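Visitor: This is a predicted model, with the sequence first.
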Amino acid sequence: MKKTLLATAIAGALGVTAAAQAATVYDQDGTRLDINGRIAMGISGGGHQDVQPGENKAGGTEFRDVYSRLGISMSHQIDPALRAFGRVEWRFKGDERDQSGGFAEVRHSFIGLESTQFGTVMAGNFDSFYSSRVMSPFDVYIDRGYEFAAGEGSDLQARGDSIGYITPNLQGFQAFLMAKHYTGNGLPETGEDRSSVLNVQGGVTYQWEGLRLAAGFVQDRDDNALSARGTRHRYDNRDLRGVDENIYGATVSYAFNDQFSARLGYETQDTNDSAIDAGGAVEDYSGFSTWGLGATYSLGQLAFNADVYRVRPDNEENRTAWALGSYYKLSNNFDVFAELHRADQGDITVSTADGVSVDENSDNLFWLLGARYHF
């Protein structure tokens with residue numbers, strides 16, 4: 001099957017710690033415990049970065065951590081057709097002494113059951129199924145360069161208080177359904193609705209030899225009560241986007257051989273005109289449509305990514321973004337990389353230290369050089 005390169009580009013050396021580097025700590029009587037992760041360092045500069053009052057302007061060169069992480073995976077074979085599993089993974093800043101306690105965040109923490117007959121169900125804190133199963137052919141860059149899902153990627157209505165289901169593989173077809181719960185418990189009594197909010201996402205994938213098709217949606221329910229007060233953080237300080245229009249996306253990818261694969265993607269979300277007419281901020285309720293075209297080429301230990309996007313925000317000017325990446329595996333455990341990304345955002349408005357708003361050109365070319373050790 002001509003899918004070796006595509007699988008590598010999605011879940012191998014190009015972005016995710018490969019399972020092959022995991023160290024098995026315990027494996028007996030059907031119970032297994034693995035430890036894996038990576039330490040990644042790099043130097044980056046240019047591009048648009050968040051600018052806070054009193055800080056240096058964006059675009060300066062920086063020695064930095066590049067998403068180092070440590071994970072523990074566990075599983076137990078209940079019977080030949082049923083497996084229980086779990087995982088917890090932390091991110092940490094490996095480039096400097098961390099004064100805040102060592103680990104910056106819990107990236108993943110979930111448990112689940114996998115049945116050969118009935119499929120897989122999991123609950124906890126994990127990535128968006130829509131991003132990982134539909135838009136994944138484009139999620140091949142270590143840092144920037146992924147323009148789908150409004151830039152939110154794996155956080156899109158996911159990462160916490162979530163439950164998901166994936167069907168078994170039915171002659172190449174698989175469907176998925178996932179929901180993220182935002183509780184209203186503990187919200188201050190303001191006379192507004194404090195009920196819970198549930199955002200659902202789902203879709204289907206089909207794979208035959210080198211061809212892979214995927215389509216899905218993400219429900220993006222509105223948070224009317226606090227949006228009117230100018231905040232997007234109603235539920236436990238977590239961002240509820242609240243456009244109240246579904247996000248739809250689809251991708252087609254094809255591995256021509258073990259060296260070359262190509263991908264095409266489309267994603268859209270309608271503008272919520274009724275919410276804007278009712279007084280909502282245009283930037284909070286505007287939709288978008290995005291086309292993406294890319295390819296990956298592999299030559300032994302060396303691999304290249306190239307992608308171009310046409311992004312059409314409903315309340316801003318259209319832009320053409322592109323990204324390039326080069327990756328070289330010195331060994332199964334150590335690789336070096338270089339990435340470029342131009343978002344084509346033009347001027348943005350930022351606040352200076354004295355509170356004055358000024359226009360800054362954010363269209364600098366972002367670059368990243370670095371290395372990673374996987375274990």
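Guide: Here it is on my side, so go on. Keep in mind the model is a prediction, meaning the values are calculated, not measured.
Visitor: all contacts plus neighbour counts: C-alpha atoms, from now on.
Guide: Noted.
Visitor: Excluding chain neighbours, what is closest to Asn315?
Guide: Taking C-alpha to C-alpha, 6 or more residues apart in numbering, and ignoring the residues beside it in sequence, Asn315 has Ser286 as its nearest neighbour in space, at 6.3 Å.
Visitor: who's Phe110 bridged to?
Guide: Arg87, Gly124 (DSSP bridges).
Visitor: doesn't Val88 make contact with it?
Guide: Yes: between Phe110 and Val88 a contact is recorded at 6.7 Å, counting by C-alpha atoms under 8 Å.
Visitor: contacting residues for the closest residue in space to Ile39 that isn't next to it in sequence?
Guide: Nearest residue to Ile39, sequence neighbours excluded (C-alpha to C-alpha, 6+ apart): Ser68, at 4.6 Å. The contact partners of Ser68, by C-alpha atoms under 8 Å, 6 or more residues apart in numbering, come to Gly37, Arg38, Ile39, Ala40, Met41, Arg91, Phe92, Lys93, Gly94.
Visitor: Now render these as TSV, adding secondary structure.
Guide: Supplementary listing: the contacts of Ser68 in TSV, determined by DSSP: H, G, I helix; E, B strand; the rest coil:
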residue	secondary structure
Gly37	strand
Arg38	strand
Ile39	strand
Ala40	strand
Met41	strand
Arg91	strand
Phe92	strand
Lys93	coil
Gly94	coil
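Visitor: Other residues contacting stretch 261-280?
Guide: Where contact means C-alpha under 8 Å, 6+ apart, the residues beyond stretch 261-280 that reach it are 5-6, 135, 137-138, 148-149, 227-228, 243-256, 282, 285-297, 314.
Visitor: how far is that stretch from where the chain is centred?
Guide: The chain centre lies 18 Å from the centre of stretch 261-280; the measure is C-alpha atoms, centre = their mean, to the nearest Å.
Visitor: go on, stretch 324-337?
Guide: Going by C-alpha atoms, centre = their mean, where stretch 324-337 is centred and where its chain is centred differ by 21 Å.
Visitor: before we move on, back to that, can I get the contacts of Ser68 in CSV with distance to Asn364, pLDDT and neighbour count?
Guide: Putting those into CSV (distance: C-alpha to C-alpha, whole Å; pLDDT from 0 to 100; neighbours: other C-alpha atoms under 10 Å) gives the following:
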residue, distance to Asn364, pLDDT, neighbour count
Gly37, 32, 95, 23
Arg38, 29, 95, 23
Ile39, 28, 95, 21
Ala40, 24, 96, 22
Met41, 22, 96, 20
Arg91, 28, 90, 20
Phe92, 28, 88, 21
Lys93, 25, 86, 20
Gly94, 27, 84, 19
